[in-house]
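# Got a predicted structure here, sequence first:
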Amino acid sequence: MGDKKRFTSSRKLDHLRICAEEPVESGDAGFGDIRFVHNALPECDMGTIDLSARFLGHTVNSPLFISAMTGGHPGTKDVNARLARAAGHYGLGMGVGSQRAALENPDLEDTFSVVRDEAPRAFLVANLGAVQLHDHGIEWAERAVQMIEANALAIHLNFLQEAIQPEGDHNAAGCFDAIGELCHHFRTPVIVKETGCGISGPLAQKCWGVGVSAIDIGGWGGTSWAAVESVRADKSALAEDQALRTLGQDFSSWGIPTVVSLAEVLATGSPVIASGGVRSGLDIAKGLAFGADLCGMALPLLKPAMESDEALVRTIDAIHRELTVAMFLTGSASVADLRKAPFYLTGLTRQQIGKDNAARVRR
Ligand SMILES: Cc1cc2nc3c(=O)[nH]c(=O)nc-3n(C[C@H](O)[C@H](O)[C@H](O)COP(=O)(O)O)c2cc1C
């Protein structure tokens, strides 16, 4: 294996450990600025609330989406297997991490394909970076989808991380055209996904224009890849990496907060996955009421998935319980009802969304 390929794989393990053990969250995604109007007489039975949702023609049993995290190093296979077992058990949608390492080295394919083995009927999303799509074209996209028999392919945008990584890809030119080309020729739905800095309204508009099927916000306020790379640089013995540590720290405040990005993107089209700083069932309820189709979580599921199946089940049960309580107290018997639940928008989020987009968000 060449050095670059070995880096792609070993980096995956570094990322898991850093995310699980170090403070890597950036700030306030904006969910605290959404406040539901309490329904004192909800007129529905909490015991029969239906959490099921539709996304890209598929029905999932819950709007909780397991965001892309891992695969690509032998040590990540168990984590992906646990996440997939949970996806299968609860009927959740799930994304895998970037499949680049396995596309470079097929020996690593089982760290991804285990997900389909463990969740034969789940809605699964394959994952490829925009730069890898640009460099390797539709062939890699097809291989990524086949590897996990995916129902959709996410093309991730992570240029903040690339800019800070010592081994990062710094050339984004041509990536948008590559996405357009893919959408034109590919039968599998394409999702454009950020990884912690959010997507603006104008970029979303361009994406719908070339045939992108869905957008995953990946907004600011949750896991910060600037923070992750800063910690990674801090642990490096190389003197040149110390400058990257400061660069990472300074840019951990960079990005569009998730709820602001959600408003901008929803004003241009849908379907949309709200992700980035979603930290509870209540946040999921707020994301859905705001107009999202699903809500994605990565970091909150990572630690339990590294621990045990039981820990992951406990975490997901708690998230679902909180979502159910929020639905009950807004009188929402279904996700469709919740998407009509009234709320107040306050604080910095209200200011940042601006009049134009606020008027186009449903209320
Ligand atoms: C350990 C870890 C690895 C990740 N790897 C990927 C990846 O390979 N591809 C991708 O699109 N996003 C990746 N992400 C980003 C997440 O899918 C998500 O967009 C982001 O972490 C924001 O969600 P969170 O605040 O709930 O963590 C990763 C996140 C974590 C925590």
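Perfect, I can see it now.
# Which residue ranges of the stretch 201-350 of the chain form helices?
201-209, 225-235, 239-250, 258-266, 281-290, 299-307, 309-329, 335-338, 347-360 (DSSP state H, counting those that start in this stretch).
# so who does the residue of the chain found nearest the ligand touch?
Nearest to the ligand in the chain, going by CB to the nearest ligand atom, is Gly222, at a distance of 1.9 Å. C-beta: built from backbone N, CA, C; applies to glycine. Gly222 makes contact with 25-26, 29, 196, 258, 275-279, 298-299, according to CB atoms under 8 Å, 6 or more residues apart in numbering.
# re the thing from before, quickly compare the helices of the stretch 201-350 of the chain and say which is most buried.
Most buried of those by mean neighbour count (mean count of other CB atoms under 10 Å) is helix 258-266; its value is a mean of 30.
# Tell me which residue lies farthest from the centre of the chain.
Taking CA atoms, centre = their mean, the residue of the chain most remote from its mean C-alpha position is Leu41, at 34.7 Å.
# Compute the distance between that one and Gln242, please.
Here Leu41 is placed at a distance of 60 Å from Gln242 (CB to CB, to the nearest Å).
# Would you mind naming what in the chain lies close to the ligand?
Within the chain, the positions adjacent to the ligand are 15-16, 19, 67-70, 97-98, 127, 154, 156, 193, 195-196, 218, 222-223, 275-278, 297-299, 302 by CB under 6 Å from any ligand atom.
# least confident pick among the contacts of Gly222?
Among the contacts of Gly222, Ser26 carries the weakest pLDDT, at 89.
# Tell me the spatial nearest neighbour of that one, not counting adjacent residues.
Distances taken as CB to CB, 6 or more residues apart in numbering place Ser224 nearest to Ser26, at 3.6 Å, with adjacent residues excluded.
# ok, that neighbour - how many residues close by?
Residue crowding around Ser224 was assessed by other CB atoms under 10 Å; the count is 29.
# got it, and Thr346?
The burial count for Thr346: 12, using other CB under 10 Å.
# Return the residues in contact with it.
33-35.
# mean pLDDT lowest for which of the helices of the stretch 201-350 of the chain?
Taking mean pLDDT as the measure, helix 347-360 is lowest among those, coming in at a mean of 77.
# Run through the strands of the stretch 51-200 of the chain in chain order.
Per DSSP state E, counting those that start in this stretch, the stretch 51-200 of the chain carries strands over the ranges 53-55, 58-60, 64-66, 93-95, 124-129, 152-157, 190-194.
# residues touching the nearest residue to Ser270 once chain neighbours are set aside, list them.
Among residues not flanking Ser270 along the chain, Asp293 sits closest, at 6.4 Å (CB to CB, 6+ apart). Asp293 is in contact with 53-55, 63, 214, 270-273, counting by CB under 8 Å, 6+ apart.
# Filter the residues you listed down to the buried ones and hand me the PyMOL line.
Entered in PyMOL, the line below selects the buried ones among these, by 16 or more other CB atoms under 10 Å:
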select buried, resi 53+55+63+214+271+272+273
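# returning to what we had before: Ser9 is nearest to which of the helices of the stretch 201-350 of the chain?
Among those, helix 225-235 comes nearest to Ser9, with 14.9 Å by CB to CB.
# re the thing from before, of the helices of the stretch 201-350 of the chain, give the one that comes closest to Leu83.
helix 299-307 (5.1 Å).
# name the helices or strands packed onto the closest one?
Helices and strands touching helix 299-307, by 3 or more CB pairs under 8 Å, 6 or more residues apart in numbering; DSSP states H and E, are helix 3-21, helix 77-90, helix 309-329.
# any residues touching the longest one, and which ones?
Helix 309-329 is touched from outside by 36, 38-39, 42, 44, 46, 49, 51, 62-64, 82-83, 85-86, 89-90, 92, 280-282, 284-286, 297, 300-301, 303-305, 333, 337-338, with contacts defined as CB under 8 Å, 6+ apart.
# how about 7 Å then?
36, 38-39, 42, 44, 46, 49, 51, 62, 64, 82, 85-86, 90, 280-282, 284-285, 300-301, 304-305, 338 (CB atoms under 7 Å, 6 or more residues apart in numbering).
# export that helix as PDB, just CAs?
Provided in PDB are the C-alpha atoms of helix 309-329 (Å, rounded to 0.1, in the frame of the first residue of the first chain):
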ATOM      1  CA  ASP A 309     -25.100  -2.700  21.200                       C
ATOM      2  CA  GLU A 310     -26.800  -2.200  24.500                       C
ATOM      3  CA  ALA A 311     -25.400   1.300  24.900                       C
ATOM      4  CA  LEU A 312     -26.500   2.300  21.400                       C
ATOM      5  CA  VAL A 313     -30.000   0.900  22.100                       C
ATOM      6  CA  ARG A 314     -30.200   2.900  25.300                       C
ATOM      7  CA  THR A 315     -29.200   6.100  23.500                       C
ATOM      8  CA  ILE A 316     -31.600   5.600  20.600                       C
ATOM      9  CA  ASP A 317     -34.500   4.700  23.000                       C
ATOM     10  CA  ALA A 318     -33.900   7.900  24.900                       C
ATOM     11  CA  ILE A 319     -33.800  10.000  21.700                       C
ATOM     12  CA  HIS A 320     -37.100   8.400  20.500                       C
ATOM     13  CA  ARG A 321     -38.700   8.900  23.900                       C
ATOM     14  CA  GLU A 322     -37.900  12.600  23.800                       C
ATOM     15  CA  LEU A 323     -39.100  12.900  20.200                       C
ATOM     16  CA  THR A 324     -42.400  11.200  21.200                       C
ATOM     17  CA  VAL A 325     -42.900  13.500  24.200                       C
ATOM     18  CA  ALA A 326     -42.300  16.600  22.000                       C
ATOM     19  CA  MET A 327     -44.800  15.200  19.500                       C
ATOM     20  CA  PHE A 328     -47.400  14.500  22.200                       C
ATOM     21  CA  LEU A 329     -47.100  18.000  23.700                       C
END
